[in-house]
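Colleague: how would this look folded up:
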Amino acid sequence: MLTENYEGVEACCVDIGSFVHRLGQDHYVEARRWLLTGIAISRWMRIGLDGAHGEMIMGKLYIEGGRQSAVAFRWLKRAERIAERAGNQVSLADIKMVWAFWHQQFGSRSDEIDNLIQALRMFRKLREFDCKQKELYMVHKFPDVWKEVVRAVNTVR
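Modeller: Below you'll find the predicted structure:
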């Protein structure tokens, strides 16, 4: 591919991988290839240093695979470092939400709830952001703990 817009190529690969993973587990192999391509371009070209989306989705793929908690953990830790270094609040909130998936699958209920509380608070602080869409997603994915999360977030301290 001949291009001078490596940032665009990197972002496109990660976006395609993110979209393909939403098609379901039957498409995870393809999603993984796109994500890893975008991540590799980012590393090789030292671009996209504020984006942790690919690493976060890689963690989510391993969580949903259900067998490789340590690999998922490493991807999420890397995503968290990238987002923190860049000050990317949207990514940090998304990563907290995916950490909740990790705890739902491999960890404890209390850590799942704590990460969801952090994610919801972070999403609600973002300006000009569709927080409602994220809340609907979390309601759907975390029905067993959602009322407790909302109660904790809405409690004034």
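
Colleague: skipping adjacent residues, who's closest to residue 13 in space?
Modeller: The shortest distance from residue 13 to any non-neighbouring residue, by CB to CB, 6 or more residues apart in numbering, is to residue 38 (3.3 Å). (C-beta placed from N, C-alpha, C; glycine too.)

Colleague: give me the helices and strands touching the host helix or strand of that neighbour, please.
Modeller: Per DSSP states H and E, residue 38 falls inside helix 28-45. Judged by 3 or more CB pairs under 8 Å, 6 or more residues apart in numbering; DSSP states H and E, helix 28-45 is in contact with helix 6-21, helix 53-65.

Colleague: got a list of what residue 123 touches?
Modeller: 93, 129, 131, 134-135 (CB atoms under 8 Å, 6 or more residues apart in numbering).

Colleague: residue 26: which of these is nearest?
Modeller: Minimum distance to residue 26 across the contacts of residue 123 is 25.3 Å, recorded for residue 134 (CB to CB).
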